[in-house]
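[1] Just need the structure, nothing else, for what follows:
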Amino acid sequence: MKITVCQLDPREDQIDTYLSSLKEHIASENSEFVLLPEMWFFEWARHYAASRVDLLCIPRATPHSSIDKWLAGGQAAAVCSGAYSVSSNLWYPPDSKIRCGGLGWIVDPEGNILKTTNPDAPFATADIDLEFSRLSKSTYPRYVPD
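    I've put the predicted structure just below:
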């Protein structure tokens with residue numbers, strides 16, 4: 001399955017189109033996915049592992065100064081859930097009043113970064129293997145009981 005993330009520029013009316021196409025694409029793959037509005041509560045990532053979710057979709061509007069922290073959180077959510085973690089972030093130029101910093105990512109269930117976006121490459125696409133996500137549910141730390 002191919003998955004694409006992007007740095008969403010709300011000035012270009014991309015958000016609804018992107019989310020709509022993402023939902024259609026995932027539904028066509030017979031995959032279980034969830035929009036994860038608050039990835040910092042890792043008990044939810046563990047819940048999604050037990051629920052056999054394959055893909056965590058994490059929409060963001062986070063500032064330039066914190067993109068490394070958010071990527072680390074996305075990696076931890078992937079590892080805790082045994083699911084791919086994908087995120088797109090709003091982006092505005094650094095000198096604008098709104099400080100959204102871009103950086104979309106695709107992370108595998110073991111926390112490995114497959115692709116990221118940046119100002120010069122605002123879209124990133126990777127092939128993901130949903131079977132790998134499903135098999136990851138039986139490996140550490142996902143098999144450890146709550």
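
[2] Report how many residues lie close to the residue nearest to H64 when sequence neighbours are not counted.
    Counting by CB to CB, 6 or more residues apart in numbering, H64 lies nearest to G101, which is 3.4 Å off, once chain neighbours are set aside. No exception for glycine: its C-beta is placed from N, CA and C like everyone else's. Look at G101: counted by other CB atoms under 10 Å, it has 21 neighbours.

[3] Against S66, how distant is G101?
    Noted for G101: a distance of 7 Å to S66, by CB to CB, to the nearest Å.

[4] per-residue confidence for the residue nearest to L103 when sequence neighbours are not counted?
    Using CB to CB, 6+ apart and skipping the chain neighbours, the partner closest in space to L103 is I67 (4.1 Å). Listed pLDDT for I67 reads 88.

[5] wait, doesn't I67 sit right on G102?
    Yes: counting by CB atoms under 8 Å, I67 touches G102, with 7.2 Å between them.

[6] Bridged to the closest residue to R60 other than its chain neighbours, which residues?
    Closest residue to R60 apart from its sequence neighbours, by CB to CB, 6+ apart: N89 at 4.3 Å. Beta-bridge pairing of N89 under DSSP bridges involves Q7, R60.

[7] Now do the contacts for the residue most central in space within the chain.
    With distances taken as CA atoms, centre = their mean, V86 lies nearest the centre of the chain, 1.7 Å away. Residues counted as contacts of V86 (CB atoms under 8 Å, 6 or more residues apart in numbering) are I3, V5, L55, L56, C57, I58, G104, W105, I106, V107.
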